[in-house]
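K.L.:
take this sequence and fold it.
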Amino acid sequence: MVQTTIWAALVFVFSTAATQAATGAPPLYPSLDGRVLCGYQGWFRTPDDQAKAGWRHYLRQRGGAWLPVNDYLPDVSEVKAEERCRLPLACADGGVAEVVSSDNRNTVNRHFAWMRQYGIDGVFVQRFPTDFYGRDLAPAPFRASGDRVLGYCREAAAESGRSYSLLYDLSGLGSNADAVVMADWRHLVGTGVVCVTNDVAWQCHKGKPIIALWGMGFNDNRQYGLDACERLVNFFKGEGYAVLLGVPFYWRSLKTDTVADERLHAVLRKADIIHSWSVGRFGDEAGVQRAEAVWREDAEWCRENGLTFMPVVFPGFSWGNLMGASNGIPRRDGVFLWSQFAAAKRAGVGCVYVAMFDEVDEGTQIFKINNAPPKGDGFTYLSYGTLPSDHYLWLTGEATRLFRSRQPFPDVLPTRR
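P.N.:
Reported below is the predicted structural model:
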């Protein structure tokens, strides 16, 4: 009864997105074809920001002492002193570790300005409903902070000529995952946090605005199942949106990280874009070659079923301070990332998702980091070594330009002039 009531209310509140789009300005980016977009976490907080939620995704306490949970520090050299926040860490060399909050318009503007500067198309802004609602769908205080960050992204995308879209990460949600997401969407539209009708920066595909749902089909004991996911697909499709589904790497074969349920494919066929998660599934050149073979068959399956395939590429992986596994997947100065772009192009893929723009938690970030971090007392921050701090922004921009071209994608990393 509750879900039926929520569904009826949502249908009442929202008109069809396609009809709305017909009355608004045309989108800057009407298709994913030839596009390279990044994931944007936007979940970093400091005690002095508007959220007043303490340290989020920077620190944790152990034995009464603060310790970092990430292996990299953001580059704050372009940040005003009053926007920086010093981490309460003991540094062996007497250095200072400073960070910024995502809940700051200037932070988001700076990131989108970097995207424009280096030629990166845009981002999928991650949204985590598990942080925003209780079991009874009552909003949590932190929701307002998430709303602000999404609003900053909307403004910055329009100002910088980049695109953005919303990606719901279902991780951590219960069996009522669909009801939570629908309630949140109703909140976002009802309060004007999102207004797809006249938002020219919202990423579209085949004439429809995109909504992304991540976390479908994983076999890691999630509390929600395919029923909840299918209801979400049906809802957003019914409202006229192009639905992107974030699925495991082996979604097509239903093996390894994927639920062994043929029904998954039936639900996927209802969507528009399939986005397979690669991070941690391979870590060297031999792994990239295996991924290319998988992607080629994934892309063919999608073509046969009238879908678009958007695989994930990532620069490396590291969570030494979080899990004690430093440099789990080496970056190799960008060779690893570049080889994935080339493999995706050879596999016949038309668009790519980069994980991630700002994800220092798992060391997959491509944005500028502190290349001379302080030495910790009992912990270590990493850097890009002798490479410039903007190396991966530049490299992703180069890949974006070449990926869109009709020429063969070069296997060899370009030389920066």
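K.L.:
pretty sure L67 sits in a helix.
P.N.:
No. Counting by DSSP: H, G, I helix; E, B strand; the rest coil, L67 is not part of a helix but strand.
K.L.:
is it true that it touches R60?
P.N.:
Yes. Counting by Cβ atoms under 8 Å, L67 sits close enough to R60 to count as a contact (6.0 Å). Where you see a C-beta, it was placed from the backbone N, CA and C, and this is true even at glycine.
K.L.:
who's more crowded, those two?
P.N.:
Neighbours per residue (other Cβ atoms under 10 Å) separate L67 from R60, with L67 holding more: 17 against 13.
K.L.:
tell me the pLDDT at that one?
P.N.:
Model confidence at L67, given as pLDDT, is 94.
K.L.:
mind listing what it touches?
P.N.:
Applying Cβ atoms under 8 Å, 6 or more residues apart in numbering, we find L67 in contact with 59-61, 89, 321, 378-379.
K.L.:
least confident of the residues you listed?
P.N.:
When the contacts of L67 are compared, the smallest pLDDT is that of G378, 85.
K.L.:
that one in helix, strand or coil?
P.N.:
Following three-state DSSP, G378 is assigned to coil.
K.L.:
return the distance of it relative to R62.
P.N.:
With distances taken as Cβ to Cβ, to the nearest Å, G378 is found 10 Å from R62.
K.L.:
the more surrounded of the two?
P.N.:
Using other Cβ under 10 Å as the criterion, G378 and R62 rank with G378 on top: 12 against 9.
K.L.:
buried ones in the lengthiest helix in the chain?
P.N.:
In terms of residue count, the longest helix belonging to the chain (DSSP state H) is helix 285-304. For helix 285-304, burial by neighbour count (16 or more other Cβ atoms under 10 Å) applies to 287-288, 291-292, 294-296, 298-299, 301-302.
K.L.:
next structured bit after that helix?
P.N.:
strand 308-309 (DSSP states H and E).
K.L.:
residue contacts, the nearest residue in space to D272 that is not next to it in sequence?
P.N.:
Distances taken as Cβ to Cβ, 6 or more residues apart in numbering place A242 nearest to D272, at 4.1 Å, with adjacent residues excluded. Counting by Cβ under 8 Å, 6+ apart, A242 touches 204-206, 208-211, 272-273.
K.L.:
show me the helices in the stretch 151-300 of the chain, by range?
P.N.:
Taking DSSP state H, counting those that start in this stretch, the helices of the stretch 151-300 of the chain run over residues 177-191, 226-238, 263-268, 285-304.
K.L.:
and of the ones you listed, who's closest to Y353?
P.N.:
helix 285-304 (12.2 Å; Cβ to Cβ).
K.L.:
ok, of the contacts of L67, which one's closest to D71?
P.N.:
Nearest to D71 among those is N321, at 5.5 Å by Cβ to Cβ.
K.L.:
D93 and P373 touch, don't they?
P.N.:
No. In this structure, D93 is not within contact of P373 by Cβ under 8 Å, at 9.9 Å.
K.L.:
any shared contact partners between the two?
P.N.:
Common contact partners of D93 and P373 (Cβ under 8 Å, 6+ apart): none.
K.L.:
of these two, who's got more company?
P.N.:
P373 (20 against 10).
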